[in-house]
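**Q** Coordinates for the following, if possible.
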Amino acid sequence: MESCTTLWLWMSSALSLKEIALQLDDSFCRCHRSYIVNLKYVERIEGMNCITKNKQVIPISKKYKNDFIEKIVRQM
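**A** Numbers count the residues shown, from 1 in each chain. As a prediction, the model looks like this:
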């Protein structure tokens, strides 16, 4: 079974998702204002959703879609 990590930050001094994304390598990509995805675990894209290898459905926003798709293609 594939693993999935969910990171919950509750502290007021926590890093923003943007700051976290900047610290991650190229195998991670922002696909929504609330999500960063490890591209190695993307199984497919269906419309405006990313389906991971463990069948989790993650939304893709219009703002991040083009960059997200480009990075997936580069990972192939």
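
**Q** Show me what counts as buried in the top helix by length along the chain.
**A** Counting residues, the longest helix found in the chain (DSSP state H) is helix 62-75. Within helix 62-75, the residues scored as buried using 16 or more other C-beta atoms under 10 Å are Tyr64, Phe68, Lys71, Ile72. Bear in mind the C-beta positions are built from the backbone N, C-alpha and C, glycine included.

**Q** Now do the most centrally placed residue in the chain, the pLDDT please.
**A** The residue lying closest to the centre of the chain (C-alpha atoms, centre = their mean) is Val37, at 1.9 Å. On the pLDDT scale, Val37 is placed at 94.

**Q** cool, Trp8 as well?
**A** Listed pLDDT for Trp8 reads 59.

**Q** can you check the one 4 residues further on too?
**A** Among the per-residue scores, Ser12 holds a pLDDT of 52.

**Q** show me the contacts for Cys50.
**A** Cys31, Val37, Val42, Val57, Ile58, Pro59, Ile60, Phe68 (C-beta atoms under 8 Å, 6 or more residues apart in numbering).

**Q** Does anything pack onto the helix or strand bottoming out on mean pLDDT in the chain? Which helices or strands?
**A** Lowest on mean pLDDT, DSSP states H and E among the helices and strands of the chain sits helix 17-23, with a mean of 88. Using 3 or more C-beta pairs under 8 Å, 6 or more residues apart in numbering; DSSP states H and E, the elements in contact with helix 17-23 are strand 28-32, strand 35-38.

**Q** Nice, that's everything, thank you.
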